[in-house]
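Visitor: A predicted structure for the sequence below; I have some questions about it.
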Amino acid sequence: MAVLHRWAAVFVLALAAMTPAAVTAQGSGKPLRITITDGVIEPLPISIPPFVPDSPDAAQLANDITAVIAANLTGSGLFREIPRAAHIGRITNFNQPVTYTDWSAINSDALITGSAGTTSDGRIVVKFRLHDVFAQSELGAGQQFVGTRDDWRRMAHKVSDQVYARLTGESGYFDSKLVFVSESGAKNARRKRLAVMDQDGANVQYLTDDNSIVISPRWSPDNSQIVYTSYETGTPTVFVLNTGTLQKRPLAGVQGFTSAPRFSPDGRRVLYAAGQGGNSDIFVLDLASGRSQQLTNTAAIETEPSFSPDGSQIVFESDRSGTQQIYVMPANGGNARKVSQGNGRYGTPVWSPRGDLIAFTKMRAGQFHIGVMRTDGSGERELTNSFLDEGPTWSPNGRVISFFRETAGESGARTLYTVDLTGRVLRPVRTPEFASDPSWSALLP
Amino acid sequence: MKAGVILLCAAVALSACSRGENADDLFDQNIGGPGAGGIDPAAGFGTVIGPDGQPIEVSSIEYFNQVIGDRVLFPVDQSTLTAEASSILDQQATWLLARPNAQILIEGHADEQGTREYNIRLSARRASAVRDYLVTKGIPDGRLSTVPFGKERPEAVCSNESCWSRNRRAVTVVTGGLGA
C-alpha cells in the first residue's frame, strides 16, 4: 500500500511578493474581473504561454507546470485558453516587458507569464505574473513559490489559485485534495478502500486496505484527520484516521450502528448517525470529552447531518414524513423544519462552505440528480441527471461540487465527477479504479 | 424467494414421483425426533430428498437455506414483512427453536435505487423486522444479531426490477451452534 506521509509531512511553500514588472501600469478604470453568478457565463479569454525555463534542465518542468495551470483554469469553466498557435507575442524572458498589443490583438483579456527553475539544493522555484491585457498593467504583484521537486504540481495549483482569486475576487480551490472510496471487483463483491488524490486526479494514494467495506470519508477542517464508516468490526462503525500516520481507530464514545460522520466547522465535534435496530438518530460527539449528545429522537431514519459553516445549524435527512426529505434544525437539536419542497426524495444534504446553499442528492421518476437549493429550500436547481448520481461534496470555495455517478447494469461503473454551480461544466475525474463517495478537503496551507 | 420455494417444492415432488412415492411419504419415512410424524419436518431430524434428488439432513444449514429458505424479500422502500415472508420466518423459527444452540446473524440488504447511507438504514430496518418477528416466535434475543449492508452487497447485478426485487432482502445466516 502506498503511504501518505509525504504530503502530510511538513511542507514549506515559500511565498514572496516580487517587485512589479518594469512596465508601468496604464490603469484604464475597472480592473479585470469575472463575476461568478448562476447565470450564463462567457468564459474569459486568457493566454498561458509556456513558462520560461530558468535553465535547460527545467524545460520539462516548465512545460508541465504550464499544462497543469491551463487545465485547472479551463476546467473551472470560467476561462477559455487562447490556443498557442494564435499567439503573436513570445515570452522568452520572465522579466522582459510585455508587449500588450500582441495580446490585445488576439482578444486575450488576461495573460499569465511565468518561469520555472531549480535551485542549487534541488528545490524548484516557480514565478508568475498576471496581466490585464487591455489595461496594459499587472493585476496584483508577481509571486514566486519555492518547494520540493515532488511538489511541482502543488506550485502549479498555487499559481492557479492566485489567478482564479485575482480574476474572480473569490478564493480558488485547486490546491486541495479529494478523499474517496476506490472500488474494484465485481458488482456483487466490490472491494473498497479509502484513497486520496489531488483535486485534479493526480497523486492517488491509498489510505486503507480493502478487507472491509468503507464508505463516506470526510475531512477534518484542518485536513489532519478523516472520519469514515467501516465494517472492520463487522457492523457499520465510525472510524477516524490520522492522515499523517495513517493510524485508524473506532471513534470512541459512539454506540450501535454508527455512520455518516462529519466534522463540525471548528473540528472539535463530529456529527454522526447512530441506531441499533431499525431506528437512526443524529448525535454529536465532543472529541475532547468523549461525550455524545442525541439531537433527534424519532422512529424515523435520520442521518447525513452537516453543520452550517457558522456552526449554528444542522441540515440532515429524515423520512419522518414518510419519504426521505431534508430538514434543518438548531445545532443543539430542537425543532426541525422541512426545507426540501419539490417532488421526489432528497438525501445526503451538505451545507456549502459559503453558507448560502445546500447541495443534495434527489431521486425523482427513476432518475438521480445532484442539486442545490438555498438554505430555506427555495431556488432549487438540479445540476445533473443520470441513472445514479449521488453524494455531493463542495469545493473549498463553494463554487464546484464533486459527486459520483454510477452506470446501470452488471458493469456498474462508478466514476467521480465535478460540476459547477451552473450545471454546464460537468467533468469526470479520472481515477485508477472505480471511485465513489468523494469528499473535498479545505485548501492546503 | 417465492419462485425459489415453488421450484424447490416442484423438484421434491418430481423426485418423489420418479420413485412412485409422494413427498409426504418421504418425510414420514426418514424423519425422527420431535417433528416425527410428518407434521413439521423443520422441527424434526433425519433426512429428506432435496431439490436435486440428493438427501439433505434436516439439521443441516443446506436444509435451512434451501428447503425452508434463508431469506425474505421486501417491496420498494419498505421494511414490513409480507404474508409470504412471515410464512418463511415461521418455518425458520420452528427449525431454530428445535436447535437451541444455533446462533443467527440477520443481514439486511437494499436495492441500488437509493442513496448509500439511507439504504444502510433501510436495510437495518429490514433486518430488525426479521429479528423482532423471530423473537415473537420464541427465539431468544441473545441468539440473534443483525448487520445492515444497504446496497453494498447486491445478490443480483442487473439494473431492473428482476434484480432489484431479489436484492431487497433480509437473509438469516446460521453462524454456528449446530454442533458436529
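Guide: Now that the structure is in, tell me what you want to look at. Predicted, not measured: the structure shown is a model, and the values here were computed from it.

Visitor: what strand or helix carries residue 154?
Guide: You didn't pick a chain, so chain A it is. Element membership of A:R154 [criterion: DSSP states H and E] is helix A:152-168.

Visitor: so how far is A:G172 from the closest residue to A:A299 other than its chain neighbours?
Guide: Residue nearest to A:A299 in three dimensions, not counting chain neighbours: A:N279, with 5.9 Å by C-beta to C-beta, 6 or more residues apart in numbering or on different chains. In this view, the C-beta of every residue, glycine as well, is placed from N, C-alpha and C. Using C-beta to C-beta, to the nearest Å, A:N279 is found at 43 Å from A:G172.

Visitor: okay, the two: which has more neighbours?
Guide: A:G172 (26 against 19; other C-beta atoms under 10 Å in any protein chain shown).

Visitor: relative to chain B, how far out is the more buried one?
Guide: 30 Å (C-beta to the nearest C-beta, to the nearest Å).

Visitor: what does A:V425 give?
Guide: A:V425 sits 24 Å away from chain B, taking C-beta to the nearest C-beta as the criterion.

Visitor: you'd agree that residue is up against A:R399?
Guide: No. A:V425 is beyond contact range of A:R399, at 10.2 Å (criterion: C-beta atoms under 8 Å).

Visitor: now for these two: what residues contact both?
Guide: The contact sets of A:V425 and A:R399 overlap at A:S76 (C-beta atoms under 8 Å, 6 or more residues apart in numbering or on different chains).

Visitor: looking at the two, which is more packed in?
Guide: A:R399 (23 against 18).

Visitor: report the contact partners of the residue in the stretch 51-200 of chain A that chain B sits nearest to.
Guide: At 4.3 Å from chain B, A:K187 is the closest residue in the stretch 51-200 of chain A, using C-beta to the nearest C-beta. Contacts of A:K187 were listed using C-beta under 8 Å, 6+ apart, and they are A:410-412, B:154, B:157.

Visitor: and the residues you listed as a markdown table, adding distance to A:H369, neighbour count and secondary structure?
Guide: Converted to a markdown table, the contacts of A:K187 look like this (distance: C-beta to C-beta, whole Å; neighbours: other C-beta atoms under 10 Å in any protein chain shown; DSSP: H, G, I helix; E, B strand; the rest coil):
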| residue | distance to A:H369 | neighbour count | secondary structure |
| --- | --- | --- | --- |
| A:E410 | 24 | 13 | coil |
| A:S411 | 22 | 12 | coil |
| A:G412 | 19 | 21 | coil |
| B:P154 | 22 | 26 | coil |
| B:V157 | 24 | 16 | coil |
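
Visitor: near chain B, which residues of the stretch 51-200 of chain A?
Guide: A:186-190 (C-beta under 8 Å from any C-beta of the partner chain).

Visitor: so which of those residues wins on neighbours?
Guide: Going by other C-beta under 10 Å, A:K187 tops those with 21 neighbours.

Visitor: so how far is A:M363 from it?
Guide: Shown here: A:K187 relative to A:M363, a distance of 20 Å by C-beta to C-beta.

Visitor: could you identify the longest strand within chain B?
Guide: What stands out as the longest strand in chain B, according to DSSP state E, is strand B:169-176.

Visitor: for it, what does the pLDDT average out to?
Guide: For strand B:169-176, mean pLDDT is 96.

Visitor: which strands or helices does it pack on?
Guide: If contacts are counted by 3 or more C-beta pairs under 8 Å, 6 or more residues apart in numbering or on different chains; DSSP states H and E, strand B:169-176 sits against strand B:71-73, helix B:83-97, strand B:103-108, helix B:116-136.

Visitor: any residues of chain B in contact with chain A? List them.
Guide: Going by C-beta under 8 Å from any C-beta, the residues of chain B near chain A are B:77, B:79, B:112-118, B:120-122, B:124-129, B:131-132, B:146-149, B:152-159.

Visitor: can I get the buried ones among these as something I can paste into ChimeraX?
Guide: The buried subset of the residues of chain B next to chain A, as determined by 16 or more other C-beta atoms under 10 Å in any protein chain shown, is captured in ChimeraX by this line:
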select /B:77,79,112,113,114,115,116,117,118,120,121,122,124,125,126,127,128,129,131,146,147,148,149,152,153,154,156,157,158,159
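
Visitor: still on that earlier bit, pLDDT score for the residue nearest to A:A299?
Guide: 91.

Visitor: tell me the contacts of whatever residue of the stretch 201-350 of chain A ends up closest to chain B?
Guide: Closest residue of the stretch 201-350 of chain A to chain B, C-beta to the nearest C-beta: A:G278 (3.3 Å). Contact analysis of A:G278 by C-beta under 8 Å, 6+ apart lists B:79, B:121, B:124-129.

Visitor: now, the most widely separated pair of these?
Guide: Spatially, the most separated pair among those is B:R121 and B:A129, at 13.0 Å (C-beta to C-beta).
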